[in-house]
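> need a structure here:
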Amino acid sequence: MIALRILKKSTLVMLSILTMLKAHSGHAQSTSPKPPSPQAYNTVYGELSGYLFNHCLSINYERSVTQQFWVRVGYGSGGFRSVDGDSHGDGSGVMIMAEYLSGERSKLELGLGAAAIDELYSVRKSRLLLTPAASLGYRFQPFHGGMVFRIGLTYDFYAGLPIQISLGYAF
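Numbers count the residues shown, from 1 in each chain. This is a model prediction of the structure:
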């Protein structure tokens, strides 16, 4: 009789412990954090660049090839005036670049590529220029997407070394 009572009590204690463990594990599963959202693979931004008398406004699209390597395509339009004022005009064109980004949210950006610019320097004169292009700058871009801010230097043979500032969105 005593053995039966002990068996009943130990069975009851074991069932209570198993019930609490099951309830706790079920609760832990329901409150577990969501898996992190994926990397933002696309970026769209507007860029203003210029120095002295030269300026350009462009719209750009970038696509991630890997976490560090991106491809950029942009279209821009702007004007130029020589320091002595003898030559001036307008131009528009496209730029294609390969870019390397280091870091997580705050990134160092290095880019190399080419630009094709249609330069209009008088009413009837126009010429197509193919130029190398490069960029060096700082970028704030969250890994999972959101607002993007860029600032730095960009070089093309046509306009020299202007300062660039960009604002956009990564998704």
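> Can you tell me, leaving aside adjacent residues, what's nearest to residue 40?
Closest residue to residue 40 apart from its sequence neighbours, by Cβ to Cβ, 6 or more residues apart in numbering: residue 145 at 3.5 Å. C-beta here means a position set from N, CA and C on the backbone, and glycine is covered the same way.
> The one you found: what's it in contact with?
By Cβ atoms under 8 Å, 6 or more residues apart in numbering, the contact list for residue 145 reads 37, 40, 169-171.
> pLDDT weak spots in this protein?
For the chain, residues meeting the criterion pLDDT under 70 lie at 1-37, 51-54, 80-88, 121-124, 156-160.
> wait, residue 168 sits on residue 40?
No. Residue 168 is beyond contact range of residue 40, at 11.1 Å (criterion: Cβ atoms under 8 Å).
> Now restrict the contacts of residue 145 to buried residues only.
Among the contacts of residue 145, the ones that count as buried by 16 or more other Cβ atoms under 10 Å are 40, 170.
> Next step: the contacts of residue 145 restricted to helices.
The helices, defined by DSSP state H, take in nothing from the contacts of residue 145.
> so how far is residue 55 from residue 43?
Distance, residue 43 to residue 55, using Cβ to Cβ, to the nearest Å: 23 Å.
> So which of the two has more stuff around it?
residue 43 (22 against 16; other Cβ atoms under 10 Å).
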